[in-house]
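Undergrad: Build me a model:
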Amino acid sequence: MQTQTRYKGAIHCVKTIFKEDGFFGFYKGVRSPLTGIGFANSLIFVANGHFKHMIAGDTPEDQLSIKQHIASGFLSGSVMPFVSAPMEHMKIKLQTNHLSNSPVKYKGLVDCTVKTLKTGGIRNLYHGYVITLLRDAPSFAAYFGTYELVKKGFKSLRKDNFKDYNKFELFMAGGLAGIACWLPCIPQDVIKSRRNSFKKLLSKY
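TA: A predicted model of the protein is given here:
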């Protein structure tokens, strides 16, 4: 829906995709995120651990303030686009390939990546990098900040009885962090998706 304005809403979008491309139409471009998502998730947590250690210095990790967790998340998010920008660029190209008037068609992820590099090099592969950076940095600042804030809230409720977080508390912290991470970045994500799918029309962004 972000890249195509012909859909009237979510239900219309689902019906149209299923009618035109069948069940597997919902999985167009899935190979790109599947290829990179494991590495990307590993990178973000490794980066967050590194930046927390850098920010904390000699301070124990469990004594870091929420502001310090937010700062660490922001710095971690600034690393993420090195992986997420080309990964999502290829995904969007594959998803919208059938709508393009361009004679260049892609057979799959490898073919799409090779042709993208041939037509503009690394710079073309990283098209949309800046807007991805503007999305990911505040997104992960919100994610890690909220995660730690919710955990501290549960810890304060139990006061002297606290030994460790239970499964429900970790579930709630992760769930609320997941919601919070999208709130500051939805506008950037819409712009990024449209910029990558309609590069010529939206070159002014």
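
Undergrad: for the chain, which spans come out with low pLDDT?
TA: For the chain, the stretches flagged by pLDDT under 70 are 1-9, 17, 24-36, 98-104, 195-205.

Undergrad: Helices of that one, residue ranges please.
TA: 10-21, 31-56, 66-79, 81-96, 109-125, 129-158, 167-182, 186-197 (DSSP state H).

Undergrad: What is the longest one packed up against?
TA: In this structure, helix 129-158 packs against helix 31-56, helix 66-79, helix 81-96, helix 167-182, helix 186-197, with contacts taken as 3 or more CB pairs under 8 Å, 6 or more residues apart in numbering; DSSP states H and E. No exception for glycine: its C-beta is placed from N, CA and C like everyone else's.

Undergrad: now swap in the fourth one and tell me
TA: With contacts defined as 3+ CB pairs under 8 Å, 6+ apart, helix 81-96 has these neighbours: helix 31-56, helix 109-125, helix 129-158, helix 186-197.

Undergrad: how far off helix 129-158 does the last one point, in degrees?
TA: To tie it back to what came earlier, the one meant is helix 186-197. Orientation of helix 186-197 against helix 129-158 (axes from the mean of the first three to the mean of the last three CA atoms, to 10 degrees) gives an angle of 150 degrees.

Undergrad: now helix 186-197 against helix 167-182, angle please.
TA: Using the same axes, to 10 degrees: helix 186-197 against helix 167-182 is 60 degrees.

Undergrad: how far off helix 81-96 does helix 186-197 point, in degrees?
TA: 60 degrees.

Undergrad: Against which helices or strands is helix 186-197 packed?
TA: Helix 186-197 packs on helix 81-96, helix 129-158, going by 3+ CB pairs under 8 Å, 6+ apart.

Undergrad: Just send the ones you listed back as JSON lines, with mean neighbour count and distance to Ala177 too.
TA: Shown next, in JSON lines, are the helices and strands packed on helix 186-197 (neighbours: other CB atoms under 10 Å; distance: least, CB to CB, whole Å):
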{"stretch": "helix 81-96", "mean neighbour count": "22", "distance to Ala177": "18"}
{"stretch": "helix 129-158", "mean neighbour count": "20", "distance to Ala177": "4"}
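
Undergrad: between the ones you listed, which gets nearest to Ala47?
TA: For those, proximity to Ala47 was assessed by CB to CB; helix 129-158 is nearest, at 8.9 Å.

Undergrad: Identify the residues contacting the nearest residue in space to Leu183 that is not next to it in sequence.
TA: Leaving out its chain neighbours, the residue that sits closest to Leu183 by CB to CB, 6 or more residues apart in numbering is Ala142, at 6.6 Å. Shown in contact with Ala142 (CB atoms under 8 Å, 6 or more residues apart in numbering): 70, 73, 177, 180-181, 183-185.

Undergrad: Go again with 7 Å.
TA: Neighbour list for Ala142: 180-181, 183-184 [criterion: CB atoms under 7 Å, 6 or more residues apart in numbering].

Undergrad: Produce a ChimeraX select command limited to the buried residues of the residues you listed.
TA: A single ChimeraX command selects the buried members of the contacts of Ala142 (16 or more other CB atoms under 10 Å):
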select :180,181,184
